[in-house]
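1. I need the structure of the sequence given here:
(chains A, B, C and D)
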Amino acid sequence: MAQSNSFKIPIGPQHPALKEPESFSVALRGEKILGVDIRLGYNHRGIEKACEERTFLQDVYLIERVCGICSHSHSTCFVQAVEEIANLDVPKRGLYIRTLFAELERVHSHLLWLGVAGHEIGFDTLLMYTWKDREVVMDILAMLSGNRVNYGMNTIGGVRRDISPEQIQEVLKGMDILEEKTKYYIEVASQEATIINRLSGVGVVSKEDAIRLGAVGPTARASGVDRDMRRDDPYAAYPDVQFDVILDDHNDVYGRTVVRLKELMESYKIIRQLLKKIPDGPIAIKAPRKIPAGEAFSRYEAPRGEDVHYVKSNGTEKPERVKVRAPTLANVQVVKHMLKDRYLADMPIVIAAIDPCFSCTDRSIALHRHDSRKRDVVIWETVRLAGIEWYKKNGIDFTALNKRFMARLQK
Amino acid sequence: MLKVAVQTACCAPATLLYPFVKRQRPKGFRGMLKFYPEKCIGCKMCMRDCPSNAINIKKVGEKQFEAEINLGRCIYCAQCVDSCPKKALEATTNFELAQVDKKKLHITFVNPKNEVE
Amino acid sequence: MTNEETVQQQLTAAFPFLASAVRAVRARRIFADVEYPHFKEVLEYLIREQKFVNLCTMTGLDEGATLGVIYHLATMEGMTVNLHTHVPKENPLLQSVMAYFPSAEAYERELKDLLGFNVQGLPEGNRYPLTDDWPDNEFPLRKDWKPKWASPEEGK
Amino acid sequence: MAALLNMLVFPGFLFLSVFGMYCSFLERKLYARLQSRIGPPWFQPYADFVKLVAKENIMPEDANPVMFSLMPVFALTAVTTAVLYIPIWGTQALFSFTGDIIVVLYLLTLPTVAFFIGGWYSTSLYARIGAVRTLGQLFAYEVPLFMSVLAPAILAESWSLSGISLYYSQHPWYCLFNAIGFVISLVAMLAKLEKAPFDIPEAETEIGGGCFTEYSGRLLAFFKLALMIEMVVGGALLSSVFLPFGLASGPVVGFILFLVKSVIVVGLFAVAHALLARLRIDQILDFCWKLMIPAALVQVVVNLIIKMVIR
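-> Here you go, the predicted model:
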């Protein structure tokens, strides 16, 4: 059997392709990937322990900062669990505004992802165009909530700011512009030759594997898995709106792109329905500082997939346990399966295809299993060790480096 | 794609030269806090609700209070503005608060009556 | 879509000792407490008969004398079951469920790191979520563990 | 003395680096405007060069110091000497002898080899993969480029660049026959300069910097300058072989035409960069071997037939 030579190159934790710290050590033979060893946890800030030392009201703002892009998802999921424990019934108008923000966040998150996907395959023009259009929805969010990213709209028992009729017209105008642009992107994604052949056939996951490995959100729906928390486990104002869940059977990165684009169109439909049917009345009710003892498990359809929170309270004003499982964690398990026998050049786009948000993931867990068919490494062994050694020497202890450098200067 | 690219090339670019050209911020933007010492009754609700212990109310005389805000810790969520029963706190639209010296991050709103005496 | 009462009745029918421990809290939410020895059969029953094919996550709890763990299971239609069981704190022995759910490995590795569970059947691999040089007997999520360095009160 | 002056000042190093940087500015500006961005000010490339030269020059410990620091200079000299054989303002280049088209093409390949050796000797994993990819790409575009550039030479029956441009400036309509060759060589030149869809060796999202990962300071500045000059020289080569209009009408007008042609070629590069996504290495090889080489063969055959017809 010809001695196969494979060597491992570390990608991350600091790497231009990965916006956040996660490390993949990729076993390569030439350009083909044999196995991937994913190491996360660099962004673990111990949020669960911190939650236990703060009051419920302070926790709303802490949980909101689990992730920059999907901040409203986490805070809504958390607040829903607390409201369920204290069985407060949030006024209808508050639920409508909360759902409006959920969909606005989905629009800005999907547009952001589309740009990053374009950047990963070297197509920066798509990044610039999508992020230019994303400014429309960011301005709407800033106008409504006072901040572009961490909106801070949720509080226990409802919403903090109301929405005036002029603002409603403003949002509707914004939606028409965005719908126009999204139609253009759907057209580009289905005709642009270089994009299609760079995306199709990449990161393939069959429907059975998607269910077995627990994929969630657009990644699962692109493989035909019919799951959407907004329809299966409706919360906030979703029971009153009609929308259809986008399914696709491409099973690959191209399918995920199409699913996300069509979900954008659905979001515009939902937002218009919400704004047409928004009832009058109060937007929040006064919540008690001490939450009665109890536990609740809430699920939410974040832009990346199913976000899950478990809250347990013991009657004081501080929660006893808060567990957050972000959607990206479920999808990271699928990435290793997707990367087998692909090219190194596909790696960034496959990782980006699940739209990873590792600040969410590190809030909870990572995966590490190494490829079972261990290849014995022959020719490149010296290279691999030299590479890792060189990185470790320069990577971690700078003091030794400076001393040696000074010594060389004196020489 | 070419048609759109040429159109974008003809019309004005979307980016701005930031320090020289500033963008107008919306009315309700949550930036640096503003404190009205005369309205404050010293109930310290804002201190209890602040997620990052960024605000500190000190009693400096009969019915006079002074607020010391640590901009380094503040996350600009404006929860204190909501929790304050007397509306003594307000969020301005000023967001350019970077400082070279860490001490300058502590803003103290002195009570005007003290200065007069 | 079977609602939560029917699942509750079928569960209590299959396992009579569970009668008092199963609560249908609201639509699509069931909480169940199970003693650890019976846990395996209840789990297999739920997976095979009731089609709970998706493990959302596993939550570890420090309940004073015992260490609790909750398995959050869900069906494709949105019904969820929170299966709670606990093991004594002295030797927190836990059987891995990776046979049913390959994705459970990540959650179990976290239980091992943060709460000190001793999970059997976990393949070797680097630690998660703590760093490699984290001292071994320190379990951050336990109630008695206090951070030694910057604590939230120290505001400055 | 005059030769030295030509070599170092006018069509040589000084003029080339100034004009090369200006072309790179034009390309970045047009690329930005296509993406509705403002784009850099005109002095950006010059500022970058000065900043890089001032920066500290870190060399990896296991790297071979001689080869590591020699390669950038090597690439730079190869590209600047190529310009002496290309007719810039008249149909007569500074030096010309039969067969100098081969010399120019060879000199234009040297920088790619220099990138490979530079990347290889910097013993970093990313640089090694980048270096291997540069070679992989070299095999892909080299054959179509050579064939498409030599096809007009067959028609002009002379192997010196000056001869070719002289022949085409006498009867300009013949260059229409080389239209296919022009398109292929443009795409191949894109691949040689590692621009737009073919910028896989230094694809920052995959291997962060490719061959230049370990370079910094002066050496990186020379490498970047070599790439800029190569862009101008490549453009000059293509325009002298495929677009010989107005070369014969006096030095000043010829020179301005040369500048205009170079700007057009740079503009084409920017548009290609804005509109196409980066191809994978295996897709590049398929694209070149399955598409470009047959087209180049067709071009050579067409030229042979036309030569028969003319005589």
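
2. what number of residues lie near residue A:304?
-> Using other CB atoms under 10 Å in any protein chain shown, residue A:304 has 30 other residues around it. (Each C-beta comes from the backbone N, C-alpha and C, glycine too.)

3. shouldn't it be in contact with residue A:331?
-> Yes - using CB atoms under 8 Å, residue A:304 is in contact with residue A:331, at 7.1 Å.

4. quick one: the helices in chain C?
-> C:4-14, C:36-48, C:104-115 (DSSP state H).

5. which helices and strands sit right next to the last one?
-> Helix C:104-115 makes packing contacts with helix A:327-339, strand C:54-63, strand C:118-120 when contacts are defined by 3 or more CB pairs under 8 Å, 6 or more residues apart in numbering or on different chains; DSSP states H and E.

6. name the residues that touch that helix?
-> Helix C:104-115 has contacts (CB atoms under 8 Å, 6 or more residues apart in numbering or on different chains) with A:48, A:325, A:329, A:332-333, A:364-369, C:55, C:57-58, C:60, C:62, C:67, C:69, C:92, C:94, C:96-98, C:117-119, C:122-123, C:125, C:127-130, C:134, C:139-142.

7. at 7 Å what do you get?
-> With contact meaning CB atoms under 7 Å, 6 or more residues apart in numbering or on different chains, helix C:104-115 is reached by A:329, A:333, A:364-367, A:369, C:55, C:57-58, C:60, C:62, C:67, C:69, C:96-98, C:117, C:119, C:122, C:127-130, C:139-142.

8. now the angle from it to helix A:327-339?
-> 130 degrees (axes from the mean of the first three to the mean of the last three CA atoms, to 10 degrees).

9. would you put the C-alpha positions of stretch D:63-75 in CSV?
-> The C-alpha trace of stretch D:63-75 is given here as CSV (Å, rounded to 0.1, in the frame of the first residue of the first chain):
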residue,chain,number,x,y,z
ALA,D,63,14.2,30.0,6.8
ASN,D,64,17.3,30.0,4.6
PRO,D,65,18.3,33.7,4.9
VAL,D,66,20.0,34.0,1.5
MET,D,67,17.2,32.6,-0.5
PHE,D,68,14.5,34.2,1.6
SER,D,69,15.9,37.8,1.1
LEU,D,70,17.2,37.3,-2.5
MET,D,71,13.9,36.3,-4.1
PRO,D,72,12.1,39.7,-4.0
VAL,D,73,15.1,41.4,-5.6
PHE,D,74,15.3,38.6,-8.1
ALA,D,75,11.6,39.0,-9.1
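
10. quick one: mean pLDDT for that stretch?
-> Mean per-residue pLDDT for stretch D:63-75: 86.

11. report the longest helix in chain B, please.
-> The longest helix of chain B (DSSP H) is helix B:2-10.

12. what is the burial count for residue A:245?
-> 16.

13. typed the wrong thing, it's residue D:50
-> Neighbours of residue D:50 (other CB under 10 Å): 12.

14. now the helices of chain C in JSON lines, with mean pLDDT?
-> As requested, the helices of chain C are exported to JSON lines (pLDDT from 0 to 100):
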{"stretch": "helix C:4-14", "mean pLDDT": "82"}
{"stretch": "helix C:36-48", "mean pLDDT": "87"}
{"stretch": "helix C:104-115", "mean pLDDT": "84"}
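
15. out of the ones you listed, which is the most enclosed?
-> Burial of those is given as mean neighbour count (mean count of other CB atoms under 10 Å in any protein chain shown); helix C:104-115 ranks first at a mean of 24.

16. and the angle from it to strand C:54-63?
-> Going by the same axes, to 10 degrees, helix C:104-115 makes 10 degrees with strand C:54-63.

17. tell me who's in contact with the residue nearest the centre of chain D.
-> The residue lying closest to the centre of chain D (CA atoms, centre = their mean) is residue D:234, at 3.4 Å. Residue D:234 is in contact with D:108, D:189, D:192, D:193, counting by CB under 7 Å, 6+ apart.

18. does residue C:71 touch residue C:58 like I think?
-> Yes - if you go by CB atoms under 7 Å, residue C:71 and residue C:58 touch, sitting 5.6 Å apart.

19. element containing the residue nearest to residue A:105 when sequence neighbours are not counted, please.
-> Nearest residue to residue A:105, sequence neighbours excluded (CB to CB, 6 or more residues apart in numbering or on different chains): residue A:72, at 4.5 Å. Counting by DSSP states H and E, the element that carries residue A:72 is helix A:71-85.

20. now that helix against helix A:327-339, angle please.
-> 130 degrees.

21. run through the neighbouring helices and strands of helix A:71-85.
-> Judged by 3 or more CB pairs under 7 Å, 6 or more residues apart in numbering or on different chains; DSSP states H and E, the packing partners of helix A:71-85 are helix A:56-64, helix A:92-120, strand A:154-155, strand A:294-302, strand A:305-313.

22. out of the ones you listed, which gets nearest to residue D:257?
-> Distance to residue D:257, taken as CB to CB, is lowest for helix A:92-120 among those, at 37.6 Å.

23. run the chain-centre distance for that closest one.
-> 11 Å (CA atoms, centre = their mean, to the nearest Å).

24. for it, what is the average pLDDT?
-> In this model, helix A:92-120 carries a mean pLDDT of 90.

25. residues from chain A in reach of chain B?
-> Within chain A, the positions near chain B by CB under 7 Å from any CB of the partner chain are A:54, A:57-58, A:61-62, A:125, A:132, A:142-143, A:146-147, A:152, A:160, A:188, A:192.

26. run through chain C and note the low-pLDDT ranges.
-> Applying pLDDT under 70 to chain C picks out residues C:1-2, C:126, C:147-156.

27. quick check, central residue of it?
-> Central residue of chain C (CA atoms, centre = their mean): residue C:70, 2.8 Å from the mean position.

28. surely that residue is in contact with residue C:56?
-> No - using CB under 7 Å as the test, residue C:70 is too far from residue C:56 to be in contact (10.3 Å).

29. returning to that earlier point: give the contact list for the residue nearest to the centre of chain C.
-> By CB under 7 Å, 6+ apart, residue C:70 lies in contact with A:310, C:58, C:59, C:82, C:83, C:84.

30. list the contacts of the closest residue to the first one other than its chain neighbours.
-> Nearest residue to residue A:310 in three dimensions, chain neighbours excluded: residue A:323, at 4.1 Å (CB to CB, 6+ apart). The contact partners of residue A:323, by CB under 7 Å, 6+ apart, come to A:48, A:309, A:310, C:57, C:59.

31. packing partners of the strand or helix carrying the first one?
-> Taking DSSP H and E as the definition, one finds residue A:48 inside helix A:47-51. Packed against helix A:47-51, as judged by 3+ CB pairs under 7 Å, 6+ apart, are the following elements: helix A:56-64, strand A:319-325.
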